[in-house]
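Q: my questions concern the predicted model and sequence given below.
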Amino acid sequence: MAQDSEVYVIARKPESSNPVIVEGFPGVGLVGNIAGQQVIDELDMQYLGAVNSRHFPPVAVLMEGQVTMPIRIYESPKNELIVVVSDIPIPPSIAYTVSTALVDWAKSVNAREIVSIAGMPIIGAEHIVFGAATTEEGLKNIRNEVEIFQMGTISGIAGSIMTECFVRNIPAIGLLGSTHGQNPDPLAAAAVISVLNNLYDLSIDTEKLVKQAEQIELEMQRLAEAVKETIDEEDMPKYVPMYG
């Protein structure tokens, strides 16, 4: 169990010896959350553990009637892939603590790269994926798959994780799916998954997200509203317009 004084990563040792870790937390358009859950479902990933903290909202997440943790960790040993997915937003007051705990754990399992997924609101109908990286090699690897995010900020937990990786010289990339408002955006998540498929030789189906976009959007909106009711307004994450 990797732990910080405020945040605990409770997970068994992964089978992967040098995994890529993908994190998907709620943010603009819930892109990270939707993409992360779709990857987990399509690859039939194994439950590895969870992240917990007394600072998280007082909620119990139900999946097919069974209680589970709001922030969960899954693994696909075959793909050398680990996904951290969250159903709760991370308040800015503990974003640094959560990102530090996650990066500590990533180092302890010998992660070769961390992928941080977020949303970025833009004006326009097309779903574009913007990219950033902590290293020159990382930029080179993603240049043909994304539009490089030239200048701006990535806010919230996604930005905090990227900064922590940069400080520690850990290879990390950020994938920002363009969204067209604050509502859940499964199509933006599908665009990000297509990039993941190309970067890591995956074959994750995105048709479900495209065909069931309205239903998924409604379900995710209900979850977001339920969680929001448990959090004080001042503790809600604030996202800088246009940048994550």
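A: Cool, the structure landed. All of these numbers come straight from a predicted model, not from anything done at the bench. Residues are numbered from 1 along each chain as shown.
Q: residues contacting the residue nearest to residue 54 when sequence neighbours are not counted?
A: Of all residues not flanking residue 54 in the chain, residue 6 sits nearest, at 7.3 Å (Cβ to Cβ, 6 or more residues apart in numbering). Where you see a C-beta, it was placed from the backbone N, CA and C, and this is true even at glycine. By Cβ atoms under 8 Å, 6 or more residues apart in numbering, the contact set of residue 6 is 53-55, 94, 97, 101.
Q: and residue 45, what is it in contact with?
A: 39, 74-76, 81, 83 are the contacts of residue 45 under Cβ under 8 Å, 6+ apart.
Q: actually residue 163, not the one I typed
A: Per Cβ under 8 Å, 6+ apart, neighbours of residue 163: residue 99.
Q: host element of it?
A: helix 156-167 (DSSP states H and E).
Q: mind checking the pLDDT average for that helix?
A: In this model, helix 156-167 has a mean pLDDT of 93.
Q: flag every buried residue along it.
A: 156-165 (16 or more other Cβ atoms under 10 Å).
Q: next secondary structure after it?
A: From helix 156-167, the next helix or strand downstream (DSSP H and E) is strand 172-179.
Q: quick one: that next one to chain centroid distance?
A: In terms of Cα atoms, centre = their mean, to the nearest Å, the centre of strand 172-179 is set 9 Å apart from its chain centre.
Q: can you name the next helix or strand after it?
A: From strand 172-179 onward toward the C-terminus, using DSSP H and E, the following helix or strand is helix 186-200.
Q: show residues contacting the next helix or strand after that next one.
A: Sequence order places helix 207-211 as the next helix or strand after helix 186-200, per DSSP H and E. The contact list for helix 207-211, computed with Cβ under 8 Å, 6+ apart, reads 34, 38, 186-187, 189-190, 193, 216.
Q: restricted to strands, list the contacts of residue 6.
A: The strands, defined by DSSP state E, take in residue 53 from these.
Q: in TSV, list the contacts of residue 6 along with distance to residue 11 and neighbour count.
A: Listed next are those as TSV, based on distance: Cβ to Cβ, whole Å; neighbours: other Cβ atoms under 10 Å:
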residue	distance to residue 11	neighbour count
53	14	18
54	18	9
55	19	14
94	19	20
97	17	17
101	11	22
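Q: quick check: the farthest pair among the contacts of residue 6?
A: 54 and 101 (13.1 Å; Cβ to Cβ).
Q: what helix or strand does residue 15 sit in?
A: Per DSSP H and E, there is no helix or strand for residue 15.
Q: distance of the closest residue to it other than its chain neighbours from residue 12?
A: In this structure, residue 15 finds its nearest non-sequential neighbour in residue 77, 3.9 Å apart by Cβ to Cβ, 6+ apart. Residue 77 is 12 Å from residue 12, where distance means Cβ to Cβ, to the nearest Å.
Q: repeat for residue 97
A: Distance from residue 97 to residue 12, by Cβ to Cβ: 23 Å.
Q: picking that back up, specify which member of the contacts of helix 207-211 is nearest to residue 203.
A: Residue 203 lies nearest to residue 193 out of the contacts of helix 207-211, by Cβ to Cβ, at 10.5 Å.
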